[in-house]
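In: I'll drop the sequence and a predicted model, then ask my questions.
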Amino acid sequence: MTALLYLLGVVVFVVAILVSIGLHELGHLIPAKRFGGKVTQYFIGFGPTVWSKRVGETEYGVKAIPLGGYVKIVGMLPPGATAVADEVTYDEDGTQVTRVRKSNTGMFTQLISDARAAEWELVGPEDSDRLFYKMTWWKKVVVMAGGPTVNILIAFFLFWVIFGTYGTREAVADEGRPVIDSVSECVIPYAEEGRACTADDPPSPAAEAGLRPGDTITSFNGVEITGWDQLRSLIRENSDGEAVIGYLRDGRELSGTTSTTVEARPADSEGEAVREVGFLGVVPATHVEVTTGGPLYTLGQMGHMAADTVEALATLPVKVWDVAQAVVGVEERDPEGPMSIVGGGRLAGETTSHEEIPVVEKTVFLVGLIAGFNFFIGMFNFVPLLPLDGGHIASALWEAVRRGAARVRRRPDPGYVDAAKLLPVAYVVASAMLVMGLVLIVGDLVVPIQVL
C-alpha cells in the first residue's frame, strides 16, 4: 500500500508538471498564431520523439525527456544586413528569395551565422509577412510573456484554493501569562540548533532554575509577567545577569534563581539577523492560528513569495554549488535549498506515502508543491537573459525604446533588434542551466531533501 501511495504521489506530481509545461507552451503558441505568426512545432519534452501529429502547419508531439518543452515560431532571428545584401536570388517565377550567407570569421560569428542559416531554412517566400522578428514590439512581448504568465496564473489559482480553504497556519504564543511548553536541557549555539545536547554543552538557565513544561511564569526579577513578548524582552535585556523567576506549578507559587547566559539569537522574527542577547531556554505553549483569504490575500502572499524568489534566483549558482558540495560529502544538504523535478517527485511520493501525515495535509502539501514549482518556473523564465523568455522580452522592449527615441529625435528608424547578436550569451546561459540542472538531479538522487 505504501509503495502504491508513493507511486501515486510521484505520478500526480509529474503529470501536473507536464500539464503545466504544455499550458506554458500554449501561452506562446496561441498569441503567436493570433498575431499571424507561423508555428511549425509544439512539443512537450526534449530528445527523441515519442509521438507526434501534424495539424495544419503545426506538428504537435511528445518527446522522451520530460524536462521542458518548446514551440518553434518561424523567423525569431532577422537575416542580418550582410545576408540580405549578399544572398538575394530569384525563383523561376521571378519571386525574390533571401538566403543567408554562412560566415567563417571567428567562432561566435560562425555560431551566429549558422543559427541564422538554420532559422531561414524554414522560411519560404510566402512567410515574409509572418516572421516573428517583424511583429510589433508589443506583440513580441505578449507572445514571449504568455508562457511564464500561464505558470504564474496556475500558481495563483492553486494557492487561492489553498488559502481560501485550508489557509495559512502559524504557531502563536498563548495570550496571558506564558505557559512553558518545553525547557532546553542545555545551551546549544544558534548555528547548531537541531542537534542533541552533549556533555560539553552547559545546562540551560531554565533547567538550572528548575522550570518544567506546564509551569506558568508569573514574574521575572520582581516584574509581574503578563505576556510572552514582555518576558522575552526582559530576558534579552538581562544579558548574563542574575534572574529570579516566579512561576506556578499545580496551583503552587514557586520561584527559582539562575543567571541568564548571553547567546547569539535572532534579532527579528525573520531570523536572518542575530545579535548577542540574554537567553533562558524556554519555549512557550502555542496554539495554531488559521488565516484564510481570497484573491487579494493570495496576491499579497504571492508578493512575498516573489520577493523571496528574486532573492533565490540571485543566489541560485551559490545554492547549486552547495548542493554539489553535499553530493561529495563536504557539507549537509540545505533543506530550504533548490531542487529539480526529480526532487519534487520524491517529496511528493514520500509525503503521499507517509502514514503519520493526515490526508488533508498530504493534499495541501502536494497542491502547494505543484503551485510552488509553477511559480518558480514562471519567475525564472522572466529573467532577462536569452534563451529564456525574459531575454526575448527584453529585446522587444529595447526595440521599442530605440524606435521611440529615433522618432522623438527625428532620426532614421534603427530597425529591428538583432537577437542573434546575443546568441553567445544565450549559449553560456544555456550551458550554465544544463550544468545546474544536472547537479540538482544528482543531488536529489544522492542526498535528497527529506519530508521529515
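Out: That came through fine.
In: From G164, how far off is the most centrally placed residue in the chain?
Out: In the chain, the centroid-proximal residue (CA atoms, centre = their mean) is F376; its distance is 3.2 Å. Counting by CB to CB, to the nearest Å, the gap between F376 and G164 amounts to 22 Å. For every residue, glycine as well, the C-beta is placed using N, CA and C.
In: Please apply the same query to E170.
Out: Here the criterion is CB to CB. By it, E170 lies 17 Å from G164.
In: more neighbours, the two?
Out: Using other CB atoms under 10 Å, the more surrounded residue of E170 and G164 is G164, with 14 against 11.
In: quick one: the more buried one is in a helix?
Out: Yes: counting by DSSP: H, G, I helix; E, B strand; the rest coil, G164 falls inside a helix.
In: Show me what counts as buried in stretch 300-311.
Out: Buried positions in stretch 300-311, judged by neighbour count with 16 or more other CB atoms under 10 Å: 301-302, 305, 309.
In: mind putting the residues you listed in CSV, distance to T149 included?
Out: CSV is the format used below for those (distance: CB to CB, whole Å):
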residue, distance to T149
Q301, 18
M302, 13
M305, 16
T309, 15
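In: out of the residues you listed, which one sits closest to L4?
Out: Nearest to L4 among the buried residues of stretch 300-311, counting by CB to CB, is M305 at 32.8 Å.
In: My guess is the closest one contacts F375. True?
Out: Yes: counting by CB atoms under 8 Å, M305 touches F375, with 6.2 Å between them.
In: ok, which stretches of the stretch 51-200 of the chain are strands?
Out: Secondary structure of the stretch 51-200 of the chain (DSSP state E, counting those that start in this stretch): strands at 58-73, 88-90, 96-98, 168-173, 180-183.
In: Could you save those strands as TSV and add columns showing distance to M144 and mean pLDDT?
Out: Conversion of those to TSV gives the following (distance: least, CB to CB, whole Å; pLDDT from 0 to 100):
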stretch	distance to M144	mean pLDDT
strand 58-73	9	89
strand 88-90	30	48
strand 96-98	24	49
strand 168-173	33	78
strand 180-183	52	87
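In: Nearest to V12, out of those?
Out: Nearest of the strands of the stretch 51-200 of the chain to V12, taken as CB to CB: strand 58-73 at 14.2 Å.
In: can you list contacts of the closest one?
Out: 14, 17-18, 21-22, 24-25, 28-29, 32, 37-54, 122, 132, 143, 341, 437 (CB atoms under 8 Å, 6 or more residues apart in numbering).
In: Same question for stretch 331-350.
Out: Outside stretch 331-350, the residues that touch it by CB under 8 Å, 6+ apart are 5-7, 9-10, 12-14, 17, 66-67, 312, 316, 319-320, 322-323, 325-326, 366, 369, 373, 437, 440-441, 443-445, 447-451.
In: Kindly recompute the last result at 7 Å.
Out: 6-7, 9-10, 12-14, 17, 67, 316, 319-320, 322-323, 325-326, 366, 369, 373, 437, 440-441, 443-445, 447-449, 451 (CB atoms under 7 Å, 6 or more residues apart in numbering).
In: And stretch 280-299, by the same measure?
Out: Contacts of stretch 280-299 (CB under 7 Å, 6+ apart): 156, 159-160, 163-164, 167-174, 178-184, 187, 204-207, 211, 228, 235, 260.
In: now do stretch 3-14
Out: With contacts defined as CB under 7 Å, 6+ apart, stretch 3-14 is touched by 344-345, 348-353, 366, 369-370.
In: Keep only those of the buried residues of stretch 300-311 that are in helices.
Out: Of these, the ones assigned to helices by DSSP state H are 301-302, 305, 309.
In: need the residues you listed in JSON lines with pLDDT and distance to E242, can you?
Out: Below are these laid out as JSON lines (pLDDT from 0 to 100; distance: CB to CB, whole Å):
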{"residue": "Q301", "pLDDT": "93", "distance to E242": "44"}
{"residue": "M302", "pLDDT": "94", "distance to E242": "49"}
{"residue": "M305", "pLDDT": "93", "distance to E242": "45"}
{"residue": "T309", "pLDDT": "92", "distance to E242": "47"}
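In: In CSV: the strands of the stretch 51-200 of the chain, plus distance to R333.
Out: Putting the strands of the stretch 51-200 of the chain into CSV (distance: least, CB to CB, whole Å) gives the following:
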stretch, distance to R333
strand 58-73, 21
strand 88-90, 58
strand 96-98, 53
strand 168-173, 25
strand 180-183, 27
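In: low-confidence ranges in the stretch 51-200 of the chain?
Out: Filtered on pLDDT under 70, the stretch 51-200 of the chain yields the residue ranges 80-119, 122, 191, 194.
In: In it, mark out all the helices, start to finish.
Out: Remark: helices assigned in the stretch 51-200 of the chain by DSSP state H, counting those that start in this stretch are 81-86, 107-120, 137-161.
In: can I see the domain layout of this structure?
Out: The chain breaks down into these domains under automatic domain parsing: 81-120, 172-289.
In: in the stretch 301-450 of the chain, which ranges drop under the pLDDT threshold?
Out: Counting by pLDDT under 70, the stretch 301-450 of the chain has no low-confidence residues at all.
In: ranges for the helices of it?
Out: According to DSSP H, counting those that start in this stretch, the stretch 301-450 of the chain carries its helices in the segments 316-327, 341-353, 359-381, 389-408, 423-446.
In: Highest mean neighbour count out of those?
Out: Among the helices of the stretch 301-450 of the chain, ranked by average contacts under mean count of other CB atoms under 10 Å, first place goes to helix 341-353 (a mean of 22).
In: Now do it and helix 359-381, the angle between them.
Out: Angle of helix 341-353 versus helix 359-381, following axes from the mean of the first three to the mean of the last three CA atoms, to 10 degrees, is 170 degrees.
In: Okay, now stretch 382-395: how far is its last residue from its first?
Out: One end of stretch 382-395 sits 12 Å from the other (CA to CA, to the nearest Å).
In: okay if I get the helices of the stretch 301-450 of the chain as CSV plus distance to E276?
Out: Output for the helices of the stretch 301-450 of the chain, formatted as CSV (distance: least, CB to CB, whole Å):
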stretch, distance to E276
helix 316-327, 27
helix 341-353, 37
helix 359-381, 36
helix 389-408, 43
helix 423-446, 35
